Every structure is written in C-alpha cells, then in structure tokens.
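# The sequence and its predicted three-dimensional model are supplied below.
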Amino acid sequence: MKKLKDKDIREVLIQKLHDYYTFDSDTRIVNEMGILHGQSRVDIAVINGILHGFEIKSESDTLERLPSQMEDYNRVFDRMTIVIQRQHLNEARNIIPKWWGVWLVTKYRGELHIREIRKGKFNRNVDPDSLSHLLWRNEAIEILKEKGLHKGFLSKPRYLLYQRLANNINITELKIMINERLKQREGWKAH
C-alpha cells in the first residue's frame, strides 16, 4: 500500500478548515506560511482573531525537524496543532508541548479522516519580536506611523523596526494589528 504524503493530508485538512470557516469572512487560511523570515514554514496557518498553525507529519515524513520547528512556532502562534498519522503519535507527543492540539489522520475504506484527539490550548508565551517578523517592511512602517513611533526609523533595517514595535506596543494590541495586516495581505499563498 502506498504511503501517504504531506500533500494528501494537506488537501483533506484544507477542506476541513474551509468547511469549518465557510461563513467566517474574517478568517484567512494560508498555505506554507513562512515565519522568522523563512527560518521555518508552518504547513497551514489560520488567521482570524488569533494565529493558529497546523503542522502536518505524514507517514512519509520523519520527526527530525520537529523540535526546531516547534521552537519557532512556539514563539509566534497563539495555537498550534500537529496533524499526524498514528506511527508518529507517541514520539510527537513526547516532543510537543502540552498546549499543542493533536489531530490524528486515519485512512478508512480509501478515504482520509481527521479527528481531534487532544484539544489545543492557548500559548501564553508568544514573543512580540518574533511575531513582528511576520510583517513585511512596509507593513511594519505603516504600524509605526499609526502609533507615532516612526520618527528616525523609516530608513532603519527591518530588525530595528520589529524591535521598535515589540518594545513599544503591548502584545495584545500588536497581535491585533499584525493579524489585520496578514488578513489583508496580497501576493502570498492564501487558500
């Protein structure tokens, strides 16, 4: 029997998320969202009032990169869910934090099914600087201008713009502003 690949699970997951958020015009689903300037890519991100990342691990994958991906995701996402097949379940549970959700992928009569086996919790340790790295330069400048924090910073390197945001805007407000920019962004792999 042919091993399932990431793309097989991704199709079913995206359909499940689309079905769930069909009537929520305030939600955006993004495929392969880069974080920390491409240091990691989460398989699927759901952006609405929060940032929820979904990491897929099929039977064709290994969990070798999961610890480093997890560290990056923990710095940015309000919620994380690993979407996994049974062969990786126990090992993944030993790697991921308790606040991550776990969805199990099974195949029955030729169809893939996804079910929640552990409900995720809210991440209380989002890093404002890492979160700010989700913004493109022009978006960061836009927010700095809105908050009157732009003087002397318009020509500075990106990392200084992100630091300025992180150090001068409380995390709750920063999350709202960043989520709004991400939902409005054009030119990336949204579904």
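Yep, it's here.
# Please count neighbours and contacts with C-alpha atoms only from this point.
Fine.
# Closest to the centroid, which residue in this structure?
residue 53 (3.1 Å; C-alpha atoms, centre = their mean).
# pretty sure it is in contact with residue 46, am I right?
Yes - counting by C-alpha atoms under 8 Å, residue 46 is a contact partner of residue 53 at 6.4 Å.
# So the residue nearest to the centre of the chain, which state does it fall into?
Put simply, residue 53 is strand when judged by DSSP: H, G, I helix; E, B strand; the rest coil.
# I'd like to know how far it sits from residue 10.
13 Å (C-alpha to C-alpha, to the nearest Å).
# Mutual contacts of those two, please.
residue 43 (C-alpha atoms under 8 Å, 6 or more residues apart in numbering).
# Can you give me the buried ones in the helix or strand harbouring residue 29?
Using DSSP states H and E, residue 29 sits within strand 28-35. For strand 28-35, a neighbour-count test (16 or more other C-alpha atoms under 10 Å) marks 28-35 as buried.
# I'd like the average pLDDT over that strand.
Mean pLDDT, computed over strand 28-35, is 92.
# For that strand, which helices and strands make contact with it?
strand 40-47, helix 66-76 (3 or more C-alpha pairs under 8 Å, 6 or more residues apart in numbering; DSSP states H and E).
# could you give the mean pLDDT of whichever helix in the chain runs longest?
The longest helix of the chain (DSSP state H) is helix 6-21. Mean per-residue pLDDT for helix 6-21: 92.
# Residue 11 and residue 27: what is the separation?
Residue 11 is 18 Å from residue 27, by C-alpha to C-alpha.
# excluding its backbone neighbours, what's nearest residue 112?
residue 106 (5.7 Å; C-alpha to C-alpha, 6 or more residues apart in numbering).
# no no, residue 171
residue 128 (6.1 Å).
# Burial check on the one you found, number of neighbours?
21 (other C-alpha atoms under 10 Å).
# That one contacts residue 166, correct?
Yes - with contacts counted by C-alpha under 8 Å, residue 128 reaches residue 166, the gap being 5.0 Å.
# shared neighbours, these two?
Contacts common to residue 128 and residue 166, judged by C-alpha under 8 Å, 6+ apart, are residue 174.
# residue ranges for the strands of the protein, please.
28-35, 40-47, 51-57, 79-85, 101-108, 111-118 (DSSP state E).
# Contacts for the fifth one next, please.
Residues from elsewhere that reach strand 101-108 (C-alpha under 8 Å, 6+ apart): 9, 79-86, 89, 112-121.
# go again using 6 Å as the cut-off
The set of residues external to strand 101-108 that reach it, using C-alpha atoms under 6 Å, 6 or more residues apart in numbering, is 81-85, 112-120.
# Export those residues to JSON lines and append columns for pLDDT and distance to residue 63.
Output for the contacts of strand 101-108, formatted as JSON lines (pLDDT from 0 to 100; distance: C-alpha to C-alpha, whole Å):
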{"residue": "81", "pLDDT": "98", "distance to residue 63": "15"}
{"residue": "82", "pLDDT": "98", "distance to residue 63": "11"}
{"residue": "83", "pLDDT": "97", "distance to residue 63": "12"}
{"residue": "84", "pLDDT": "95", "distance to residue 63": "10"}
{"residue": "85", "pLDDT": "91", "distance to residue 63": "12"}
{"residue": "112", "pLDDT": "89", "distance to residue 63": "21"}
{"residue": "113", "pLDDT": "92", "distance to residue 63": "21"}
{"residue": "114", "pLDDT": "95", "distance to residue 63": "19"}
{"residue": "115", "pLDDT": "94", "distance to residue 63": "20"}
{"residue": "116", "pLDDT": "95", "distance to residue 63": "20"}
{"residue": "117", "pLDDT": "95", "distance to residue 63": "19"}
{"residue": "118", "pLDDT": "95", "distance to residue 63": "19"}
{"residue": "119", "pLDDT": "95", "distance to residue 63": "21"}
{"residue": "120", "pLDDT": "95", "distance to residue 63": "20"}
